[in-house]
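Trainee: I would like to see how this sequence folds:
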Amino acid sequence: MYPRVTVGDGARIGAFAIIGEPPRGKQPGEIETHIGARAVIRSHTVVYAGNRIGDDFQTGHGALVREDNHIGNNVSIGSHSIVEHHVQIGDGVRIHSNVFVPEFSVLEADCWLGPNVVVTNALYPRSKNVKENLRGATIKRGAKIGANVTLLPGIVVGENALVGAGAVVVHDVPAGAVVVGNPARVVKRIAEIEAYR
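Mentor: Down below sits the predicted model:
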């Protein structure tokens with residue numbers, strides 16, 4: 001654990017976890033890091049400096065959380081998932097294993113990302129000024145993203161929407177819609193699914 005890291009009461013930190021890793025160009029302890037009460041940070045997880053993380057946070061094994069994120073209460077990040085820097089994650093978000101969440105993404109409260117979801121933020125990788133034009137996805141409150149989904153840069157997935165497994169989302173998803181396929185298309189409303197009534 002690096003200097004200027006505070007961890008709330010009741011936290012459990014596994015073997016070989018690193019908390020407060022300084023980002024490039026910063027010295028150890030230069031940026032404060034805060035993790036709330038009752039965190040469970042499993043082995044080989046790395047949490048960079050500058051994160052503000054709420055209570056009841058947990059990771060699987062080998063998760064990576066880069067710097068300067070705001071993460072709410074009761075958030076779970078699965079094994080081998082990566083959350084890049086300057087990401088906002090609301091309360092109750094579930095990120096399963098092997099998920100990639102890039103810079104400038106917004107995950108609102110209670111959204112759910114299944115295994116192997118890939119969120120992208122560079123419309124034209126390696127193009128001129130690409131760094132100045134990065135736009136992560138916005139996943140609205142209660143939206144559910146199925147396994148192996150790819151979201152293109154800047155996509156907005158509406159509240160309580162459902163993105164079916166393996167979909168490639170190239171356009172915004174309306175609130176309450178169910179989308180599937182490549183490219184993803186609306187096939188029904190979530191209200192039509194008995195399991196969600």
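Trainee: domain parsing of the chain, as residue ranges.
Mentor: Split into domains by automatic domain parsing, the chain comes to 1-92, 112-125+134-197.
Trainee: among these, which comes closest to residue 103?
Mentor: Comparing the domains of the chain by their distance to residue 103 (C-beta to C-beta), the top pick is domain 1-92, with 4.6 Å. For every residue, glycine as well, the C-beta is placed using N, CA and C.
Trainee: distance between the ends of the closest one?
Mentor: Taking C-alpha to C-alpha, to the nearest Å, the first and last residues of domain 1-92 lie 26 Å apart.
Trainee: quick one on the thing from earlier: with mean neighbour count and mean pLDDT added, can I get the domains of the chain in JSON lines?
Mentor: Converted to JSON lines, those look like this (neighbours: other C-beta atoms under 10 Å; pLDDT from 0 to 100):
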{"stretch": "domain 1-92", "mean neighbour count": "19", "mean pLDDT": "97"}
{"stretch": "domain 112-125+134-197", "mean neighbour count": "18", "mean pLDDT": "97"}
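Trainee: can I get the ones you listed in a markdown table with distance to residue 104?
Mentor: Below are the domains of the chain laid out as a markdown table (distance: least, C-beta to C-beta, whole Å):
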| stretch | distance to residue 104 |
| --- | --- |
| domain 1-92 | 6 |
| domain 112-125+134-197 | 4 |
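Trainee: how near is the closest residue to residue 91 other than its chain neighbours to residue 85?
Mentor: The spatially closest residue to residue 91, leaving aside those adjacent along the chain, is residue 72, at 3.8 Å (C-beta to C-beta, 6 or more residues apart in numbering). Using C-beta to C-beta, to the nearest Å, we find residue 72 at a distance of 17 Å from residue 85.
Trainee: how about residue 97?
Mentor: Using C-beta to C-beta, one obtains 21 Å as the distance from residue 97 to residue 85.
Trainee: ok, now residue 152?
Mentor: If you measure residue 152 against residue 85 using C-beta to C-beta, the figure is 20 Å.
Trainee: residue 107 now?
Mentor: Distance, residue 107 to residue 85, by C-beta to C-beta: 14 Å.
Trainee: got it, and residue 66?
Mentor: Residue 66 sits 4 Å away from residue 85, taking C-beta to C-beta as the criterion.
Trainee: need the overlap of contacts for these two.
Mentor: Residues within reach of residue 66 and of residue 85 at once, by C-beta atoms under 8 Å, 6 or more residues apart in numbering, are 23, 48.
Trainee: count the neighbours of residue 126 for me.
Mentor: Each residue near residue 126 was counted by other C-beta atoms under 10 Å, and the total is 6.
Trainee: same check, this time on the one 5 residues further on
Mentor: As a burial measure, the neighbour count of residue 131 was computed by other C-beta under 10 Å and equals 9.
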